[in-house]
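S.K.: Requesting a structural model of the entry that follows:
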Amino acid sequence: MTEFFNALQVDLVDSKATATVEKLTFADLPEGDILIEVHYSSVNYKDALAFQTGGVVRTYPMVPGIDLSGIVKESTNPKFKAGDPVLVTGYKLGIQHFGGYSQFARVPSEWVVPLPAGLSLREAMIIGTAGFTAALSIHQLELNGLTPSGGDILVVGATGGVGSMAIAQLKALGYSSITAGTRKQTESDFLFSIGASQVSPLSEIQLDPKKPLAKQRWQGVVDPVGGDLLPDLFAQINYNGALALSGNAGGINFSASVFPFILRGVKLLGIDSVDCPLQLRQELWSKLATTMKPANLEGMLDNEISLTELPLALEKILAGKMRGRTLVKLN
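M.R.: Below you'll find the model as predicted:
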């Protein structure tokens, strides 16, 4: 008997990307040695781009969803067995390979992370790709010398998934001087509740007039936005400090002076959570289940939705109106 299941599929209709909930079978899934019954996925900025014509998807039809958590249903890899709880983020998931917006997914075992003790399947996707990207940003900043006693840290895009997760993770790690940079002053209560010690409008962070070097304010910056604000951030980072950049919602170009880099030793750390090596990926997920786990994950949820509600959630994140995380429940 053929087993049907639901998936949100994007296809080109009259040269326009169109999303519909479809009935698929296991035969429709791409190759892989692990079949997963998906319980949860989440909403990320990159997911929204997957639904746009000319976005990040090049091959259609495609099931988006760049992360998932669930239970192994079938495995031909002896490292995994039916019943194992697992999670998958990054790689080609949801972009070139059917992703998490489906009740079942088949993936290569090289992408699969065993669910670490201390996390439920639900909690893993409240964290999701956004939280993993935040963790990788903090990890790289700490390798550069970031410490709880080293001074203030700035997190821009603070109400978004990566930004809010970074604040909550820093708080869990014992950092107490965390500035949340945001355009949304109405969300100050939320930002304080997850660990921010100060909330600053971007107008207080931008330099007027522009200067290649300004007063040193932050030992490190977590930036999932990018764009024109970057030069102002570089100019205000402490000597030997660093900025961890993981996104480009603010634009793909910027023009900055070399002075912060050659006179203050400032570092620009590129954060790539897509192809992060599996060993480091597993290490960070273990920390996200323990020392980096936010104190109130449920309080960071903006919404919990179904497949049919996804298109509206994706419009919301593109418009910059989402706060925290949105969870997608599949099974």
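S.K.: Which residues are in contact with residue 197?
M.R.: By CB atoms under 8 Å, 6 or more residues apart in numbering, the contact set of residue 197 is 176, 177, 178, 179. Yep, even glycine has a C-beta here, placed from its N, CA and C like the rest.
S.K.: Show only the entries of the residues you listed found in strands.
M.R.: 178, 179 (DSSP state E).
S.K.: I'd guess residue 310 is in a strand, am I close?
M.R.: No. Assignment of residue 310 by DSSP: H, G, I helix; E, B strand; the rest coil gives helix, placing it outside any strand.
S.K.: Thought residue 42 was touching it, still the case?
M.R.: No. Judged on CB atoms under 8 Å, residue 310 makes no contact with residue 42 at a distance of 10.6 Å.
S.K.: List buried members of the contacts of residue 197 by neighbour count.
M.R.: 177, 178, 179 (16 or more other CB atoms under 10 Å).
S.K.: separation between the first one and residue 47?
M.R.: The spacing between residue 177 and residue 47, counted by CB to CB, to the nearest Å, is 33 Å.
S.K.: if we can go back for a sec, out of residue 310 and residue 42, which sits in the busier spot?
M.R.: The residue with more neighbours, out of residue 310 and residue 42, is residue 42; 29 against 23, by other CB atoms under 10 Å.
S.K.: what's the closest non-adjacent residue to the more buried one?
M.R.: Distance criterion CB to CB, 6 or more residues apart in numbering; nearest residue to residue 42, sequence neighbours excluded, is residue 128 at 3.7 Å.
S.K.: Can you give me every residue that contacts that neighbour?
M.R.: 41, 42, 44, 67, 89, 161, 325.
S.K.: Please tell me the pLDDT value assigned to the second one.
M.R.: Spelled out, it's residue 42. pLDDT, residue 42: 96.
S.K.: need the contact list for it.
M.R.: Applying CB under 8 Å, 6+ apart to residue 42 gives the contacts 67, 100, 125, 126, 128, 129, 130, 161, 325, 326, 327, 328.
S.K.: 10 Å instead?
M.R.: Counting by CB atoms under 10 Å, 6 or more residues apart in numbering, residue 42 touches 65-69, 89, 100, 124-131, 161, 301, 304-305, 313, 325-328.
S.K.: what do you get for the fifth one?
M.R.: With contact set as CB under 10 Å, 6+ apart, residue 89 has these partners: 41-42, 44, 66-69, 100, 111, 113, 124-125, 127-133, 273-274, 276, 281, 285.
S.K.: With the first one instead?
M.R.: Applying CB under 10 Å, 6+ apart to residue 41 gives the contacts 8, 47, 64-70, 88-89, 93-94, 99-102, 105, 125, 128-129, 307, 310, 326-330.
S.K.: Grab the most central residue of the protein for me.
M.R.: residue 130 (1.6 Å; CA atoms, centre = their mean).
S.K.: from the middle of its chain, how far away would whichever strand or helix holds that residue be?
M.R.: Residue 130 is part of helix 121-143 when elements are defined by DSSP states H and E. Chain-centre distance of helix 121-143: 7 Å, with CA atoms, centre = their mean, to the nearest Å.
S.K.: Paired strands for the helix or strand immediately after that helix in the chain, with orientation please.
M.R.: Proceeding N to C from helix 121-143, the next assigned helix or strand is strand 153-156, under DSSP H and E. Strands that pair with strand 153-156, judged by DSSP bridges, come out as strand 178-182 (parallel), strand 218-223 (parallel).
S.K.: one step back: so what's the residue nearest to the centre of the chain up against?
M.R.: The contact partners of residue 130, by CB under 10 Å, 6+ apart, come to 42-46, 66-67, 89, 160-166, 224, 246-247, 273, 300, 324-326.
S.K.: Tell me how far residue 215 lies from residue 237.
M.R.: Distance, residue 215 to residue 237, using CB to CB: 11 Å.
S.K.: ChimeraX command to pick out the buried ones of the contacts of residue 89?
M.R.: Buried residues within the contacts of residue 89, by 16+ other CB under 10 Å, are selected in ChimeraX with:
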select :41,42,44,66,67,68,69,100,111,113,124,125,127,128,129,130,131,132,133,273,276,281,285
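S.K.: Now do the helices in the stretch 1-150 of the chain.
M.R.: Ranges of helices in the stretch 1-150 of the chain, per DSSP state H, counting those that start in this stretch, are 45-50, 121-143.
S.K.: Tell me the helices and strands packed up against the lowest-mean-pLDDT helix or strand in the chain.
M.R.: Within the chain, confidence by mean pLDDT, DSSP states H and E is lowest for helix 310-318 among all helices and strands, at a mean of 88. Where contact means 3 or more CB pairs under 10 Å, 6 or more residues apart in numbering; DSSP states H and E, helix 310-318 is packed against strand 16-25, helix 45-50, strand 301-305, strand 325-329.
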